[in-house]
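Visitor: Model the following, please.
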Amino acid sequence: MLRDKKKAILLSILAMLLWGSAIPLIKSTFVELGIGQGDAGLKILVAGIRFLFAGFLTLIYFKISEKGRPVAFNKVNWKFVVILALIQTSLQYIFYYIGLSHVPGVRSSIIQSTNAFLVVLISAILIPKEKVNPNIIIALILGTMGILISKGAGESAGGGFHAAGEGFVLMATTLNALASVLIRKYGKGENSFILTAFQFIIGATVLIVLGLCVAGRPLALTAKGCLMILYGSFISATSFSIWTSVLQHYHANEFSVYKLFIPIFGSLLSVLVLGEPFTLNMAIGLALVLLGSFILNRKKIKLGLGR
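Guide: Next comes the predicted model:
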């Protein structure tokens, strides 16, 4: 199926749509479960439950993709899995789930879209072969301008910078970028499904324990709330599985441009589902960030088209 390039493109866009839908889903889950801005422990607990199930679902996808072939678990770099779990699942989602409740979904999408810039910047620091070129500098300038313009968007959209809001979302985005670079540097030869499934499960266990310790009251689950958490698990596991399968058939340089759809879908769904305002400042900010991402990937896109 994925050998058909048109189907691979459609599946890639579907994965980006699922990732983009996570923002309004998380915010709606908080409302459904009666979790307020001050309920940090409950937010962490919900994140833990989501990623625990996502880990198990990823293992199911792995079993299906491997068609019953045995896995050499003794060859898995468990030290790296634990480190990745703490950075990419535990720390990232502590900051993200708390920060998201203080930031409009549209603005969060714009901040998260700077991930591509941060990956390049961190790569230049941690990977000696990676060098900063003019495209990177231009992209970073445009991305920074985009965030500054979008966050100044009117009082009705929650204007101004909040450390526990934009600051936490930006920290979560930075941790995600750091994890991406660490995977690139140390994750070679690791089975991507196993790496992701167990870093979800281990990181989620930390989140659940921490959430239970910090929460000031029990989590009041509802049937709808449980379905929303399970859908969040489906988003994480399914998007990853689709994206990994696509990259097994096509060069990452060729398909990385489709990640530009994540902030677009995230912004549109936040407006449609949450009823958030989409101001001129946010539109300009999003356009600048997307332009920066396009410039950052311009050389890669040309390389991919020449395959």
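Visitor: Quick check: Ala179 touching Leu86?
Guide: No - applying CB atoms under 8 Å, one finds Ala179 not in contact with Leu86, separated by 9.7 Å. C-beta coordinates here come from the backbone N, C-alpha and C atoms, glycine included.
Visitor: More neighbours: which of the two?
Guide: Using other CB atoms under 10 Å as the criterion, Ala179 and Leu86 rank with Ala179 on top: 23 against 17.
Visitor: Nearest spatial neighbour of that one, chain-adjacent residues omitted?
Guide: Excluding its sequence neighbours, the residue lying closest to Ala179 (CB to CB, 6 or more residues apart in numbering) is Gln88, at 3.7 Å.
Visitor: Quick check, pLDDT for that neighbour.
Guide: At Gln88, the model reports a pLDDT of 91.
Visitor: Run a quick neighbour tally on it.
Guide: By other CB under 10 Å, neighbour count at Gln88 equals 22.
Visitor: residues in contact with it?
Guide: Counting by CB atoms under 8 Å, 6 or more residues apart in numbering, Gln88 makes contact with 175-176, 179, 199, 203.
Visitor: wait, isn't Ile49 in contact with Ile208?
Guide: Yes - in this structure, Ile49 is within contact of Ile208 by CB under 8 Å, at 6.7 Å.
Visitor: Show the low-confidence segments of this protein, by residue range.
Guide: Within the chain, the segments meeting pLDDT under 70 span 1-2, 67-68, 130-132, 147, 150-161, 247-257, 296-307.
Visitor: what ranges do the helices span in it?
Guide: 5-20, 22-32, 40-66, 78-84, 92-100, 105-112, 115-126, 134-151, 168-186, 192-214, 223-249, 252-255, 261-274, 280-305 (DSSP state H).
Visitor: Relative to Ala72, which of those helices is closest?
Guide: helix 192-214 (9.8 Å; CB to CB).
Visitor: centre of the chain versus the closest one, how much separation?
Guide: Relative to the centre of its chain, helix 192-214 is centred 15 Å away, using CA atoms, centre = their mean, to the nearest Å.
Visitor: What residues of it count as buried?
Guide: Judged by neighbour count using 16 or more other CB atoms under 10 Å, the buried positions of helix 192-214 are 192-208, 210-211.
Visitor: Return the alpha-carbon coordinates of that helix using PDB.
Guide: C-alpha atoms of helix 192-214 as PDB (Å, rounded to 0.1, in the frame of the first residue of the first chain):
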ATOM      1  CA  SER A 192      11.800   2.300  16.500                       C
ATOM      2  CA  PHE A 193       8.600   0.600  17.600                       C
ATOM      3  CA  ILE A 194      10.200  -1.000  20.700                       C
ATOM      4  CA  LEU A 195      12.000   2.300  21.500                       C
ATOM      5  CA  THR A 196       8.800   4.300  21.400                       C
ATOM      6  CA  ALA A 197       6.500   1.800  23.100                       C
ATOM      7  CA  PHE A 198       8.800   1.300  26.100                       C
ATOM      8  CA  GLN A 199       9.700   5.000  26.500                       C
ATOM      9  CA  PHE A 200       5.900   5.700  26.500                       C
ATOM     10  CA  ILE A 201       5.300   3.000  29.100                       C
ATOM     11  CA  ILE A 202       8.300   3.900  31.400                       C
ATOM     12  CA  GLY A 203       7.700   7.600  31.100                       C
ATOM     13  CA  ALA A 204       4.000   7.200  31.700                       C
ATOM     14  CA  THR A 205       4.600   5.200  34.800                       C
ATOM     15  CA  VAL A 206       6.600   8.100  36.200                       C
ATOM     16  CA  LEU A 207       3.900  10.600  35.300                       C
ATOM     17  CA  ILE A 208       1.200   8.400  36.900                       C
ATOM     18  CA  VAL A 209       3.100   8.100  40.200                       C
ATOM     19  CA  LEU A 210       4.000  11.800  40.300                       C
ATOM     20  CA  GLY A 211       0.400  12.800  39.400                       C
ATOM     21  CA  LEU A 212      -1.000  10.600  42.200                       C
ATOM     22  CA  CYS A 213       1.400  12.100  44.700                       C
ATOM     23  CA  VAL A 214       0.800  15.700  43.600                       C
END
